[in-house]
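*Asks:* Fold the stuff below for me.
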Amino acid sequence: MKIYNTKTRQKEEFKPIEEGKVGIYVCGPTVYDFIHIGNARPMIVFDTLRRYLEHKGYEVNYVSNFTDVEDKIIKRSIEEGIPANEVSEKYIVECKKDMEALNVRPATVHPQATQEIPEMIEMVQTLIDKGHAYEKNGTVYFRVRSFEPYGKLSHKKIDDLESGHRADSHALKVTGEDEKEDALDFVLWKPKKEGEPSWDSPWGAGRPGWHLECSCMSKKYVGDTVDIHAGGEDLIFPHHENEIAQSEAANGCEFANYWMHNAFLKINGDKMSKSLGNFFTVRDICQQYDPQVFRFFMLSAQYRTPLNFSKELVEDASRGLDRILNGAEKLREIADKKNGRFIMDEEQRILEEEMPKFIERFDAAMDDDLNTADAISVIFELVRFTNANTSEKSSSNFADCLYRILFELCDTILGIHLERAAVDIADDDVAQIEALIAERTAAKKEKNFARADEIRAQLLDMGIILEDTREGVKWKKA
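*Replies:* Model (predicted):
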């Protein structure tokens with residue numbers, strides 16, 4: 001398997017630190033509100049990475065944190081008049097609900113920053129002892145120039161960064177950051193402010209800096225060196241760059257061997273923002289679309305490709321997923337039939353020999369830097385193969401073999417359920433639907449096709465789709 005490593009800017013053969021095991025750390029959301037659909041992309045992408053590595057036989061330790069102490073959380077706690085920890089706990093619960101809706105599996109561990117404060121204090125002290133950090137008036141800063149490789153992930157040069165800071169020197173003085181030894185130095189520990197959560201430390205009561213939190217949680221739950229560190233491309237600088245600096249300065253070893261970053265999600269070609277009125281939460285979208293359609297849409301592009309969210313593109317994804325679900329439903333029906341045809345005939349045995357090729361081509365796409373777009377193309381080809389080579393006369397074993405392959409690729413690895421979510425329809429509505437279908441069937445027998453078409457259109461207006469099959473009329477909620 002090859003992974004595009006942000007640090008080296010090239011695809012590299014993936015080799016884990018320990019054979020058969022993979023440690024992954026993914027930066028999770030800051031929990032001050034419902035997660036937005038931009039947050040959902042890394043969640044879905046790297047959940048799929050985890051699933052695929054498990055498919056390949058790896059034991060995966062997948063760690064993704066919740067940032068539960070941060071300025072936005074404090075601001076929300078003031079607005080709502082409740083303690084900051086109640087804000088974060090509330091939105092952790094809501095985030096987990098959205099993750100479940102999107103079929104994002106829970107991490108091996110979901111650490112919370114506020115529960116790891118002792119480890120953070122320990123790392124800060126280590127950095128001070130090694131000369132990489134210093135304290136000024138209760139604030140502890142990291143000496144960026146003490147870490148010679150600074151910029152190796154983002155490929156930024158310190159001299160260029162310094163120039164940028166000089167141009168903004170007035171802003172630095174206004175914010176009080178002129179107490180730093182160097183404008184480039186960043187905060188490891190900040191002193192307590194009135195009304196904010198704080199913890200005791202050797203430098204006074206305060207709280208950790210954001211960058212420090214992930215360094216300590218990845219160290220504790222994955223190890224000093226992580227196989228794969230992942231997140232959105234907006235985290236490359238300064239967050240991940242600063243994580244590298246403080247972790248490697250403290251631990252004396254490589255922080256992460258592979259860095260994976262997903263590209264941005266745009267809304268109708270524009271950056272998502274509340275000011276533009278195009279800001280959507282996962283909860284908003286899941287009220288408009290089946291969450292599985294949204295997950296399928298997210299995987300329809302390779303993760304490093306910018307993805308544009310629009311109504312038209314999501315509806316395209318819905319139609320594409322529908323073709324796959326129809327193919328799966330057909331296979332289940334054949335496999336479940338008690339028609340006595342269990343054994344494959346010679347023609348089906350020959351076709352069976354072609355089935356592993358779909359798995360091989362799917363794996364080849366996923367091995368090429370998790371190319372889910374090409375992998376989904378293979379699934380569509382498998383569905384076409386299924387539709388062309390199965391009928392009610394096919395053996396149940398043949399259909400079952402095809403279904404198990406489709407299930408492994410689509411459900412187990414991509415996390416796309418092959419059965420539609422049950423839709424609650426009132427008994428009275430069901431009775432009305434079935435009465436209209438019976439009337440339509442009678443109209444067709446009487447060759448009153450105009451009336452039959454009217455009834456189909458009426459049912460479609462009610463959100464009901466009809467499918468005429470050899471076994472009779474089937475219907476489903478649109």
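*Asks:* what about residue 280, distance to residue 349?
*Replies:* Summarising the geometry, the distance separating residue 280 from residue 349, computed by C-beta to C-beta, to the nearest Å, is 50 Å. (Glycine included, C-beta is placed from N, CA and C.)
*Asks:* just residue 401 next, same as before
*Replies:* Using C-beta to C-beta, residue 401 is found at 10 Å from residue 349.
*Asks:* With neighbour numbers in mind, choose between the two.
*Replies:* The residue with more neighbours, out of residue 401 and residue 349 and counting by other C-beta atoms under 10 Å, is residue 401; that gives 18 against 13.
*Asks:* That one and residue 16: what is the separation?
*Replies:* Applying C-beta to C-beta, one obtains 32 Å for the distance of residue 401 from residue 16.
*Asks:* Residue 79 now?
*Replies:* Shown here: residue 79 relative to residue 16, a distance of 45 Å by C-beta to C-beta.
*Asks:* Between the two, which is the more surrounded one?
*Replies:* Each of residue 79 and residue 16 had its neighbours counted (other C-beta under 10 Å), and the higher figure belongs to residue 16 (17 against 10).
*Asks:* got the phi/psi numbers for residue 208?
*Replies:* phi -80, psi 160 (degrees, to the nearest 10).
*Asks:* who's in contact with it?
*Replies:* The neighbours of residue 208, taking C-beta atoms under 8 Å, 6 or more residues apart in numbering as the test, are 69, 113, 117, 120, 124, 188, 189, 190, 216.
*Asks:* one more time with 10 Å
*Replies:* Contact criterion C-beta atoms under 10 Å, 6 or more residues apart in numbering gives 69-70, 113-114, 116-117, 119-121, 123-124, 140, 187-190, 199, 201, 215-216 as the residues in contact with residue 208.
*Asks:* Please identify the buried residues of the helix or strand where residue 87 lies?
*Replies:* Counting by DSSP states H and E, the secondary-structure element that holds residue 87 is helix 84-101. Across helix 84-101, burial judged by 16 or more other C-beta atoms under 10 Å covers 84, 87, 88, 89, 90, 91, 92, 94, 95, 98, 99, 101.
*Asks:* Run through the residues that contact the second one.
*Replies:* Counting by C-beta under 10 Å, 6+ apart, residue 87 makes contact with 31-33, 68, 72-80.
*Asks:* In helices, which of these appear?
*Replies:* Using DSSP state H, the members of those that fall within helices are 72, 73, 74, 75, 76, 77, 78, 79, 80.
*Asks:* Leaving out sequence neighbours, find the closest residue to the first one.
*Replies:* Meaning residue 72. Leaving out its chain neighbours, the residue that sits closest to residue 72 by C-beta to C-beta, 6 or more residues apart in numbering is residue 32, at 4.3 Å.
*Asks:* what's that neighbour sitting at in phi/psi?
*Replies:* When read as degrees, to the nearest 10, the backbone of residue 32 gives phi -120, psi 0.
*Asks:* That one: how many residues sit nearby?
*Replies:* Using other C-beta under 10 Å, residue 32 is surrounded by 21 other residues.
*Asks:* Quick one: the strands in the stretch 201-350 of the chain, in order.
*Replies:* Defined through DSSP state E, counting those that start in this stretch, the strands belonging to the stretch 201-350 of the chain, from first to last, are 206-208, 226-232, 256-262, 265-267, 270-271, 307-309.
*Asks:* Which residues in the last one does the neighbour count mark as buried?
*Replies:* By that I understand strand 307-309. Within strand 307-309, judged by 16+ other C-beta under 10 Å, the buried ones are 307, 309.
*Asks:* and what of the fourth one?
*Replies:* Residues of strand 265-267 classed as buried: 265, 266, 267 (neighbour count, 16+ other C-beta under 10 Å).
*Asks:* For the second one, give its distance to residue 115.
*Replies:* Pointing back at residue 266 there. For residue 266, the distance to residue 115 (C-beta to C-beta) stands at 35 Å.
*Asks:* Could you do residue 454 as well?
*Replies:* Distance check for residue 454 against residue 115: by C-beta to C-beta, it reads 62 Å.
*Asks:* Same drill for these two, tell me which one is more crowded.
*Replies:* When neighbours are counted by other C-beta under 10 Å, residue 454 and residue 115 differ, and residue 454 comes out ahead with 15 against 11.
*Asks:* who's in contact with the more buried one?
*Replies:* Counting by C-beta under 10 Å, 6+ apart, residue 454 has contacts 436, 439, 440, 443, 448.
*Asks:* Is it possible to mark the buried ones in the ones in helices among the contacts of residue 87?
*Replies:* Buried members of the ones in helices among the contacts of residue 87, scored by 16+ other C-beta under 10 Å, are 73, 74, 76, 77.
*Asks:* nearest to residue 58, of those?
*Replies:* Checking those against residue 58 with C-beta to C-beta, the nearest one is residue 73 at 34.7 Å.
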